[in-house]
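[1] below: sequence and its predicted model.
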Amino acid sequence: MYNNRDSIDFGSAPVGVLFRSMFLPTLVGMVSMVVLNVTDGAFVGRGVGSDALAAVNIVAPIFLITSGIGLMMGIGSSVAASIHWSQDNLKAARINMTQALSASATIGCLLAVLFYSCQEPLCMLFGCSIELLPLACSYMKWISLLTPFSMVGIVAMFMVRLDGSPRVAMAINCMAAGLNILLDYIFIFPMRMGLEGAGIATTISFSIAIIPIGIYFLRFAKSLKLYRLKMSLTSARLTFRNIAYHVRIGASALLGEVAIAAVIVVGNYVFMQYLGPDGVAAYSVGCYCLPVVFMMGNAIVQSVQPIASFAYGQGDKVRFASSARVAYVTAGASGIMSMIIMMLGAGAISSMFLDDQCGAYTLCVDGLPYFSLSFLFISFNIVAVGLMQSAERAVAATIYTLMRGFILSIPCFIFMPMWFDSVGLWLALPIAEAITTLIIVLRRDLSCDISHVNIS
């Protein structure tokens with residue numbers, strides 16, 4: 001085992017202690033992003049209006065597609081680097097990391113051009129009405145420019161944590177979130193730049209965050225330093241092979257984000273059909289709150305994956321199972337806590353985003369308690385998929401992601417309102433997540449007994 005490590009030893013340190021040392025700073029960084037997300041929505045809803053809040057929800061799939069590709073590359077390359085590192089091949093770990101960062105930057109630039117040049121068609125595809133189209137496009141044109149910076153940043157955060165510096169990742173996330181909140185306030189309120197100001201604030205903040213990331217890898221990285229890739233046909237073939245592996249391992253993460261995007265798009269259509277623009281505005285509040293539990297689940301996964309992947313690479317099934325138990329207990333506690341907070345605080349949460357005199361406010365207060373039931377199951381499902389990825393069970397992870405994101409959620413959105421009227425709109429996501437959890441449990445894939453996993 002490779003032991004040249006300054007602060008964190010993924011191979012032999014106690015799993016509980018190791019998980020806490022990773023999870024606490026990762027959680028703080030994720031919480032900063034949640035605070036950013038909620039504050040951003042509150043500024044838009046209060047400073048621009050409920051139509052602007054609905055327009056942001058129209059553009060939300062762009063965020064999710066971008067972050068999904070970043071998570072796919074980050075998880076895939078992190079698992080690959082962990083396994084190589086556990087087998088004393090630090091050079092291969094560095095090569096995989098550098099290849100993932102380069103590929104993310106290239107893909108991000110191509111997507112930025114696509115998103116910027118197809119603003120109106122994409123907004124209409126995502127369920128935008130003619131009335132909301134100008135607002136949605138004014139926001140989307142700036143968010144599209146953020147794409148390459150966002151994707152590189154997500155991949156880099158995985159590598160910084162794997163390098164044994166979770167506090168550095170936390171500090172960078174907090175810096176970006178704090179700057180975004182400050183610029184949001186300045187552009188929306190004193191400067192009265194409307195929804196476009198919110199887009200500019202987000203783009204500036206997360207683009208600037210790339211600077212400290214670059215400084216870290218060039219000057220302060222402990223072991224996972226950037227590796228100079230060779231410019232040859234053989235090197236290109238190896239790069240494509242490794243990127244294909246990253247994609248295969250992390251594909252379920254991309255599908256997970258695309259699934260959320262699908263839920264938002266289908267929800268936009270169905271809420272617009274049943275409740276009109278006020279319904280979409282109310283639904284957008286629920287979608288603003290979803291990242292709370294998703295980021296909590298992702299914080300757990302990003303903290304446990306280096307431990308689990310390292311154990312998997314060493315063939316240590318006992319250590320893998322121990323890391324799984326810690327992750328599931330944390331996921332259960334976070335899911336219950338998030339659900340209770342939203343149930344009891346539906347009125348306060350709604351008033352953060354919406355004026356209590358508008359029609360969307362009443363719809364939101366009535367609907368959020370039903371919507372919050374999904375929080376019980378989302379964290380479990382995210383952690384289950386993350387552990388499957390850590391053990392190279394890409395097919396199983398992909399199947400469960402497709403199940404909760406498309407196979408179950410879309411029919412639930414279509415049929416639940418037919419059976420339960422407006423309540424069914426809010427129950428569609430909880431039912432889809434609950435059925436997924438039930439299937440995982442019945443198939444024993446949620447169990448910490450991973451003796452069936454073939455670790456070579």
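    Thanks, I have it.
[2] which residues does the nearest residue to residue 217 once chain neighbours are set aside contact?
    Spatial nearest neighbour of residue 217, excluding adjacent residues (C-beta to C-beta, 6 or more residues apart in numbering): residue 226 at 5.3 Å. C-betas here are computed from N, CA, C, even on glycine. Going by C-beta atoms under 8 Å, 6 or more residues apart in numbering, residue 226 touches 94, 97, 98, 101, 217, 218.
[3] check contacts around the last one.
    Listed by C-beta under 8 Å, 6+ apart, the contact partners of residue 218 are residue 226.
[4] show me what the helix or strand encompassing residue 436 is packed up against.
    Counting by DSSP states H and E, the element that carries residue 436 is helix 409-442. Taking 3 or more C-beta pairs under 8 Å, 6 or more residues apart in numbering; DSSP states H and E as contact, the helices and strands that helix 409-442 lies on are helix 233-314, helix 359-371, helix 375-390, helix 394-402.
[5] got the angle between the shortest one and helix 375-390?
    Taking axes from the mean of the first three to the mean of the last three C-alpha atoms, to 10 degrees, helix 394-402 and helix 375-390 form an angle of 160 degrees between their directions.
[6] need the phi and psi values for residue 393.
    Dihedral pair for residue 393: phi -90, psi 60, per degrees, to the nearest 10.
[7] tell me how far it lies from residue 251.
    12 Å (C-beta to C-beta, to the nearest Å).
[8] one step back: ok, the contacts of residue 226 vs residue 176, which is closest?
    The nearest member of the contacts of residue 226 to residue 176, counting by C-beta to C-beta, is residue 217 at 16.7 Å.
[9] quick one, what contacts that closest one?
    156, 159, 224, 225, 226.
[10] quick one on the thing from earlier: nearest to residue 188, out of the helices and strands packed on helix 409-442?
    Nearest of the helices and strands packed on helix 409-442 (C-beta to C-beta): helix 233-314, 15.6 Å.
[11] for the closest one, what is the average pLDDT?
    If you average the pLDDT over helix 233-314, you get 80.
[12] how close does the closest residue to residue 94 other than its chain neighbours get to residue 100?
    Excluding its sequence neighbours, the residue lying closest to residue 94 (C-beta to C-beta, 6+ apart) is residue 227, at 4.1 Å. Distance, residue 227 to residue 100, by C-beta to C-beta: 11 Å.
[13] again with residue 361
    Taking C-beta to C-beta, one finds residue 361 at 44 Å from residue 100.
[14] test my guess that residue 112 contacts residue 143.
    No. The pair residue 112 / residue 143 is not scored as a contact, 9.6 Å apart, by C-beta atoms under 8 Å.
[15] mind checking which of the two has more residues around it?
    residue 143 (24 against 20; other C-beta atoms under 10 Å).
[16] pull the contacting residues for the more buried one.
    By C-beta under 8 Å, 6+ apart, the contact list for residue 143 reads 59, 62, 63, 115, 199, 202, 203.
[17] could you give me the buried positions within the helix or strand encompassing it?
    Applying DSSP H and E as the criterion places residue 143 in helix 133-162. By neighbour count with 16 or more other C-beta atoms under 10 Å, helix 133-162 contains the buried residues 133, 135-162.
[18] just the mean pLDDT for it, thanks.
    On average, helix 133-162 scores 87.
[19] now find how far off-centre that helix is within its chain.
    Put simply, helix 133-162 sits 12 Å off its chain's centre (C-alpha atoms, centre = their mean, to the nearest Å).
[20] skip ahead from it and say which helix or strand is next.
    Next element after helix 133-162 (DSSP H and E): helix 166-188.
[21] which strands and helices lie in contact with whichever helix or strand comes after that next one?
    Next along the chain after helix 166-188, taking DSSP H and E as the criterion, comes helix 194-208. Applying 3+ C-beta pairs under 8 Å, 6+ apart, we find helix 194-208 packed against helix 15-47, helix 50-86, helix 133-162, helix 166-188.
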